[in-house]
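Chemist: need a 3D model of the sequence below.
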Amino acid sequence: MSTVSDRRLQKKANEAWRYAWQRLFHPRTQLFYDFVSSFDEPRFDHLPTVEEIGRQYPNTNGWGTGMEDSAISAGVVMSIVCDRFLATGDAGMRAAAKKVFAGMVLCGTLSPAKGLVLRSVSPRDGTSHYIESSRDQYTHFAHGLWRFYHSPLTDDAQRATMREMIAAICARLERNMTPEYGFAICMEDDRPGNVDKMWDVAPHEAARLPMIYLIGWDLTGDRHWHAQYRRYARRAAKASLQVPLEMRTPYAYLQEQVSLEALYALENEDAALKETWRQGMEFVAGRSERFTWQCLDYQPVDITTLDLDWRRWPMQDWWGRMAGEWPEELNREFRTIREPAEALLSQLMCTGRPLSVDQRALLERLIGQTDFSTIITYSSLYPLAAYWRAAALGTIKAQ
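Modeler: Numbers count the residues shown, from 1 in each chain. Below you'll find the model as predicted:
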């Protein structure tokens, strides 16, 4: 594999940044959406109508509609912004962070159910939304708040808002972490959701609840949330090292690593527990290496050949909810762009573990070969995240 120059990598990263904001971001909600149906205006005609959302069609998660993961993307982009500022001191990141944070506030405060982080909000009216969230949304959302809170890009008013949001999130979780609620975040109508269980979960998900509580303590200074963290920490730390080998989902490993990064950084009272969080990060980084090779199968997608109206896609059962089946071309973007980038980011997040020669070459290959002008989905955010984390670490030189 040939080596790509740092200048070339930065040019490609700037291209990815430009297209992400031009295509995926909507100024009305200040959120990033999951895919576009056109590279020109209107880009978001495929998004659900207000009427469809009102009857929670096609499902309460908004799966497959283009507005299911805006809270995740906000957390990812906020981390990109923070890493880019660390790497370059670019003053323009303050304005970028302000926009991303406004979208996070919308998702974190719009619902009448206090502490419910909405997946997304419709740009059609700025308020319509699906009523079911997920542990995935909460994981990246809380991580993004934590990164922003401790960055030089924030101000006193923003930090006060973050304290209010994370306190509401922690209070909702504490209320619902009972067998009666199924240890679920619960939907807006207070029924347990389909993918929002926060405890008694799979090993790769176990660290998420204590991570949110520990971030709650860190941002608010309220020791109650630290006590809640300690209540779950040891069992979660042990589980985080027990993910079965057959678990082959890069985004799930990344979300485990996102949780472990905050836990390792913030655990300063129990050296043995801190070491277990570090071991978990090493474990995830090692498991992630196998997915980076998928970038070798990359081919640009031709948007003109696709029907990107999810209403005409075949319906399938997604964990008990009916949703449109993504075209294979979009899944290929995920496999050859998003998943390798998630795997690289999981490695770069592991404290004190440099990329191997092969993995560094695959990072260069992934970013250097990708034609970001042809990307339809939010897959483009993850090479950006890997690039700017590598730049913040000094693995790649950026200006």
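Chemist: the strands in this protein, which residues?
Modeler: Applying DSSP state E to the chain gives strands spanning 25-26, 31-32, 315-318, 321-324.
Chemist: pick the most deeply packed of those strands.
Modeler: strand 31-32 (a mean of 27; mean count of other C-beta atoms under 10 Å). Heads up, the C-betas are built off the backbone N, CA and C, glycines and all.
Chemist: partner strands of it, parallel or antiparallel?
Modeler: Strand 31-32 has its sheet partners listed here by DSSP bridges as strand 25-26 (antiparallel).
Chemist: give me the residues contacting the partner strand.
Modeler: With C-beta atoms under 8 Å, 6 or more residues apart in numbering as the contact definition, strand 25-26 has outside contacts at 31-33, 44, 99, 123.
Chemist: go again with 10 Å.
Modeler: Strand 25-26 is touched from outside by 31-33, 43-44, 47, 67, 70, 73, 77, 99-100, 103, 120-124, 126, with contacts defined as C-beta atoms under 10 Å, 6 or more residues apart in numbering.
Chemist: list only buried entries from those residues.
Modeler: 31-33, 43-44, 47, 67, 70, 73, 77, 99-100, 103, 120-124 (16 or more other C-beta atoms under 10 Å).
Chemist: re earlier: need the strands of the chain in a markdown table with mean pLDDT and distance to Arg175, can you?
Modeler: Converted to a markdown table, the strands of the chain look like this (pLDDT from 0 to 100; distance: least, C-beta to C-beta, whole Å):
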| stretch | mean pLDDT | distance to Arg175 |
| --- | --- | --- |
| strand 25-26 | 98 | 32 |
| strand 31-32 | 98 | 27 |
| strand 315-318 | 91 | 27 |
| strand 321-324 | 92 | 25 |
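Chemist: need those in JSON lines (columns: distance to Gln299).
Modeler: Shown next, in JSON lines, are the strands of the chain (distance: least, C-beta to C-beta, whole Å):
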{"stretch": "strand 25-26", "distance to Gln299": "26"}
{"stretch": "strand 31-32", "distance to Gln299": "24"}
{"stretch": "strand 315-318", "distance to Gln299": "24"}
{"stretch": "strand 321-324", "distance to Gln299": "23"}
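Chemist: between the ones you listed, which one is closest to His204.
Modeler: Closest to His204 of the strands of the chain is strand 315-318 (C-beta to C-beta; 18.9 Å).
Chemist: narrow the contacts of strand 25-26 to those in helices?
Modeler: Within those, residues falling in helices by DSSP state H are 70, 73, 77, 99-100, 103.
Chemist: which one of these sits closest to Arg278?
Modeler: When the ones in helices among the contacts of strand 25-26 are compared for distance to Arg278 (C-beta to C-beta), Val77 wins out at 26.7 Å.
Chemist: the closest one reaches Asp69, doesn't it?
Modeler: No: if you go by C-beta atoms under 10 Å, Val77 and Asp69 don't touch, sitting 11.6 Å apart.
Chemist: what touches both of those two?
Modeler: In contact with both Val77 and Asp69: 31-32, 140, 378, 381, using C-beta under 10 Å, 6+ apart.
Chemist: and which of the residues you listed is nearest to Gln10?
Modeler: Among those, and counting by C-beta to C-beta, the member closest to Gln10 is Leu381, at 17.0 Å.
Chemist: in this structure that closest one contacts Val100, no?
Modeler: No: in this structure, Leu381 is not within contact of Val100 by C-beta under 10 Å, at 11.3 Å.
Chemist: need the overlap of contacts for those two.
Modeler: Both Leu381 and Val100 are in contact with 32, 73, 76-77, 79-80, where contact means C-beta under 10 Å, 6+ apart.
Chemist: can you name the residues that contact the residue nearest the centre of the chain?
Modeler: Closest residue to the average C-alpha location of the chain: Ile72 at 3.5 Å, with C-alpha atoms, centre = their mean. Contacts for Ile72 (C-beta under 10 Å, 6+ apart) come out as 32, 34, 117, 119-120, 134, 136-141, 143-144, 251, 255, 378, 381.
Chemist: how about Val105?
Modeler: 30, 74, 158, 161-162, 164-165.
Chemist: just the buried residues of the lengthiest helix in the chain, please?
Modeler: Longest helix in the chain, counting residues (DSSP H): helix 156-176. For helix 156-176, burial by neighbour count (16+ other C-beta under 10 Å) applies to 158, 161-163, 165-170, 172-174, 176.
Chemist: check stretch 212-227 too.
Modeler: 212-220, 222, 225-226.
Chemist: just stretch 330-346 next, same as before
Modeler: For stretch 330-346, using 16+ other C-beta under 10 Å, the buried residues are 330, 332-346.
Chemist: so what's the residue nearest to Thr395 when sequence neighbours are not counted up against?
Modeler: Excluding its sequence neighbours, the residue lying closest to Thr395 (C-beta to C-beta, 6 or more residues apart in numbering) is Leu355, at 6.4 Å. Going by C-beta under 10 Å, 6+ apart, Leu355 touches 285, 289, 292, 344, 347-348, 361-363, 386, 390, 393, 395.
Chemist: contact partners for the nearest residue to Ala71 once chain neighbours are set aside?
Modeler: Distance criterion C-beta to C-beta, 6+ apart; nearest residue to Ala71, sequence neighbours excluded, is Gln137 at 4.1 Å. By C-beta under 10 Å, 6+ apart, Gln137 lies in contact with 61, 68-75, 107, 116-120, 185, 195-196.
Chemist: hmm, try it at 6 Å
Modeler: Residues in contact with Gln137 (C-beta atoms under 6 Å, 6 or more residues apart in numbering) are 71-72, 117, 119.
Chemist: one more: Lys238?
Modeler: Per C-beta under 6 Å, 6+ apart, neighbours of Lys238: none.
Chemist: stretch 181-197: how far from the chain's middle?
Modeler: Distance, stretch centre to chain centre, for stretch 181-197: 20 Å (C-alpha atoms, centre = their mean, to the nearest Å).
Chemist: in it, what's buried?
Modeler: 181-188, 192-197.
Chemist: just stretch 273-290 next, same as before
Modeler: 273-274, 276-278, 280-285, 287-289.
Chemist: from the chain's centroid, how far away is that stretch?
Modeler: Centre to centre, stretch against its chain (C-alpha atoms, centre = their mean), the figure for stretch 273-290 is 19 Å.
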